[in-house]
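Student: Build me a model from this:
(chains A and B)
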Amino acid sequence: MYPQVLFQNRKPDRIATLEEYRKSGGYEAITESLKNRSHKDIQEILLESDLLGRGGAAFPAGRKIMTVSDDAPYPRYVICNADEMEPGTFKDRVLIHADPHMLIEGMLIAGYAARAEKGIIFIRPEYENAARILEREIGLAEEAGFLGENILGSDYSFSIDVHRSGGRYICGEVTAQLNALEGKRPNPKQPPPYPTEKGLWGKPTVTQNVETLCCMPHILRNGAQWFKDLALTEAGAGTKIYCVSGKVNRPGCYELPMGVKLSEIIEEHAGGMKNGAEFKACLPGGASTRFLSREHYHIPMDFNSLREAGHRLGTAAIMVFDEDTCMVAATLNLLEFFARESCGWCTPCREGVPYLKDLMWRIEHGQGEEKFLSMLRKQSKYLWISYCAFAPGAMSPVEGLLNDFEDEVMAHIRQKRCPFKGGE
Amino acid sequence: MLPTEIKESLTRRIETASHPPELAVDVMFAIQDHYGWLTDEAMEEAGAILGMDPLKLEELATFYTFLYREPVGKYVIHLCDSVICWMDGYESLRDHIARKLGIGMGETTPDGLFTLLPVCCIGYCDRSPAMLINKKVYGFLTPEKIDAIFEKLRTEAQSTERGTAEAPHE
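Tutor: As a prediction, this is how the structure comes out:
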């Protein structure tokens, strides 16, 4: 059994209370910090801990806060991105339902480090229960003196609001989310200026993912080196909530050391392959990552190892496919998702993704031609010039398909049907 | 016309907000809860309450998955069609619901009870295949389970019509 940090108070049937969180050392980090640490100290500790953003982009959390300059104007904002809409990802929901005060303390710490006075939790409408839990627990934290004016007798004040989204994938993109908060159509904005300079309402804004924020109280309490040592790999740091789904016996969220092997996650923690099937591939970190094929079955699951192998850990949402799953059909499903969720703001994404979806639909339905492969490759290159990371994300499974499963694509084209479906 | 108490409570929230446009979606949700969907009149009212151009709100109302600019049934079914649910039988469940209710995707039953809409990954891949009905999640779906849920909702709708108090949402 590996150490449980973020899940230390997780229970099968209910959320951890404020008292339970405090009993496990909760709110000690912020209490101690307000007394004895400057906001610069906290920035340094977070940077030293190598905490990388858990929302998919893996940006160093400490460095992001440091980009808020000392003379930046007020009010400053900390936004918790709980708009978890990457397919296959549900760790943030589980974290909020397990121990909501861990997130509240994480926001307090990020807020103190950025000298921000206002926190906003941006949450998807599908997580209405989580939104209500947070509103209730924020109220309890206020009563206990952890939120509000002059927290614990210090000169620091911080409040948190919950903001419900209307529900669209693009709202998870940081700059689109700022537009959404301002009551505008959530199109992404291209930096500069970066949000930490001019974000919400033109003021410095630090956006962090739920899981990233949840790590912060533990790092401050136990030290940067302790956090780094939690990982199994040299380049990794901390634990990671891996959310496993698809063709495994026990889909769910597992907190494991960063760098644990993919094979171990599937076989030991997620209960192995369903019906004894054979592992064919997985998406290692949501729909915007490339398929990891059998050759990477024992890869250490950390940001660095995957990058070196030409992949991305993304949100560590591991979606597992077995030998009976058609990779063309799976990719078509992913493209249907991206085509529908494209915000339509820029042309390469709005026009390009449906075009690729159409080609993939024809291949899956026996109308594919050999030249489609080069068309897909050519078109996917154009999508890299789109406005935000959405279209390149949409291309990742397509590139993975063409790279590792070209045989399967060709079988569709030659047989003029999907080889995984019974004869017609 | 929006009842005075709804209008007043929304106006109060806006008066205390530092940036009223932040409440645009919240206000539309509240008004939608009252009318069932965002009628033309509702859009005008939302604009007046927020002090925003209704055309700006139109951009949002037509963009977001959970804001309805067309009439929907009492129960809005969002059946997840992303990759995990797809792998776990989405297509056959979709066909089952369509047969059972006699409607296709995007349609409402003639009795105004159910609307079937597609939705991307709802974040319940650990309980796939899954769906939301009025934002409440139902997982590990089977045709039998779906039948039972519909039956329960039908009974619930009948008892509300007869004046029994509606159970609050979970």
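
Student: Could you pick out the residues of chain B near chain A for me?
Tutor: By Cβ under 8 Å from any Cβ of the partner chain, the residues of chain B that approach chain A are B:19-26, B:28-29, B:50, B:52, B:56, B:59-60, B:63-67, B:81-84, B:86-87, B:118-126, B:128, B:132, B:135, B:137, B:170. Yep, even glycine has a C-beta here, placed from its N, CA and C like the rest.

Student: Cross these against helices and list the overlap.
Tutor: Mapping those onto helices (DSSP state H) picks out B:24-26, B:28-29, B:50, B:56, B:59-60, B:83-84, B:86-87.

Student: Can I get these in TSV including pLDDT and neighbour count?
Tutor: Converted to TSV, these look like this (pLDDT from 0 to 100; neighbours: other Cβ atoms under 10 Å in any protein chain shown):
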residue	pLDDT	neighbour count
B:Ala24	98	25
B:Val25	98	24
B:Asp26	97	18
B:Met28	98	27
B:Phe29	98	18
B:Leu50	97	24
B:Lys56	96	16
B:Glu59	97	16
B:Leu60	98	24
B:Val83	97	32
B:Ile84	98	29
B:Trp86	98	24
B:Met87	97	24
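
Student: Just the element for the closest residue to A:His269 other than its chain neighbours, please.
Tutor: Computed as Cβ to Cβ, 6 or more residues apart in numbering or on different chains, the closest residue to A:His269 that is not its neighbour in sequence is A:Tyr254, at 4.5 Å. Using DSSP states H and E, A:Tyr254 sits in strand A:252-257.

Student: Check which strands are paired with that strand and give the direction for each one.
Tutor: According to DSSP bridges, strand A:252-257 forms sheet pairs with strand A:239-246 (antiparallel).

Student: okay, the partner strand in CSV with CA atoms only?
Tutor: What follows is strand A:239-246, C-alpha atoms only, in CSV (Å, rounded to 0.1, in the frame of the first residue of the first chain):
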residue,chain,number,x,y,z
THR,A,239,1.5,11.4,-5.7
LYS,A,240,-1.0,11.3,-8.6
ILE,A,241,-4.6,10.6,-8.8
TYR,A,242,-4.9,8.2,-11.7
CYS,A,243,-8.4,7.7,-12.9
VAL,A,244,-8.8,4.5,-14.7
SER,A,245,-11.7,3.5,-16.9
GLY,A,246,-12.7,1.3,-19.8
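
Student: how far does it sit from the chain's center?
Tutor: Relative to its chain's centre, strand A:239-246 lies at 11 Å (Cα atoms, centre = their mean, to the nearest Å).

Student: I'd like the mean pLDDT over that strand, please.
Tutor: What strand A:239-246 shows for mean pLDDT is 98.

Student: again, but for stretch A:411-424
Tutor: What stretch A:411-424 shows for mean pLDDT is 88.

Student: That one: which residues count as buried?
Tutor: Residues of stretch A:411-424 classed as buried by neighbour count (16 or more other Cβ atoms under 10 Å in any protein chain shown): A:411-413, A:417-418, A:420.

Student: Quick check: longest helix in chain B by residues?
Tutor: helix B:143-161.

Student: Against which helices or strands is that helix packed?
Tutor: helix B:90-101 (3 or more Cβ pairs under 8 Å, 6 or more residues apart in numbering or on different chains; DSSP states H and E).

Student: Buried residues, the helix it packs on. List them.
Tutor: For helix B:90-101, by 16+ other Cβ under 10 Å, it's B:90, B:93-94, B:96-97, B:101.

Student: Can you tell me the SS state at A:Glu137?
Tutor: helix (DSSP: H, G, I helix; E, B strand; the rest coil).

Student: before we move on, what about the one 4 residues further on?
Tutor: Classification of A:Ala141 into helix, strand or coil gives helix, according to three-state DSSP.

Student: List the residues that contact it.
Tutor: A:Ala141 sits next to A:18, A:101, A:104, A:147 when contact means Cβ atoms under 8 Å, 6 or more residues apart in numbering or on different chains.

Student: Relative to the whole chain's centre, how far out is stretch A:278-298?
Tutor: The chain centroid and the centroid of stretch A:278-298 are separated by 17 Å under Cα atoms, centre = their mean.

Student: coming back round to it: quick one: mean pLDDT over the longest helix of chain B.
Tutor: Averaged over helix B:143-161, pLDDT sits at 95.

Student: Between helix B:90-101 and that helix, find me the angle.
Tutor: Put simply, helix B:143-161 runs at 40 degrees to helix B:90-101, going by axes from the mean of the first three to the mean of the last three Cα atoms, to 10 degrees.

Student: what residues does helix B:143-161 touch?
Tutor: So helix B:143-161 is in contact with B:74-75, B:92-93, B:96-97, B:100-101, B:113-114, B:133, B:138, B:166-167, going by Cβ under 8 Å, 6+ apart.

Student: Domain-wise, how is chain B divided?
Tutor: Domains of chain B are assigned by automatic domain parsing as B:4-61, B:75-161.

Student: what's the farthest-apart pair in the ones in helices among the residues of chain B next to chain A?
Tutor: Distance extremes for these: the farthest pair is B:Leu50 and B:Met87 at 42.0 Å, using Cβ to Cβ.

Student: could you pull out the strands for the stretch 151-300 of chain A?
Tutor: All strands of the stretch 151-300 of chain A, identified by DSSP state E, counting those that start in this stretch, fall at A:159-164, A:205-209, A:239-246, A:252-257, A:279-283, A:292-293.

Student: out of the ones you listed, nearest to A:Asp70?
Tutor: Minimum separation from A:Asp70 across the strands of the stretch 151-300 of chain A (Cβ to Cβ) falls at strand A:205-209, 14.3 Å.

Student: Check chain A for its longest helix and report it.
Tutor: Criterion DSSP H: the longest helix present in chain A is helix A:347-364.

Student: Tell me the buried residues in that one?
Tutor: A:348-350, A:352-357, A:359-364.

Student: wait, which of those residues is closest to chain B?
Tutor: Among the buried residues of helix A:347-364, A:Glu364 lies closest to chain B (Cβ to the nearest Cβ), at 12.4 Å.
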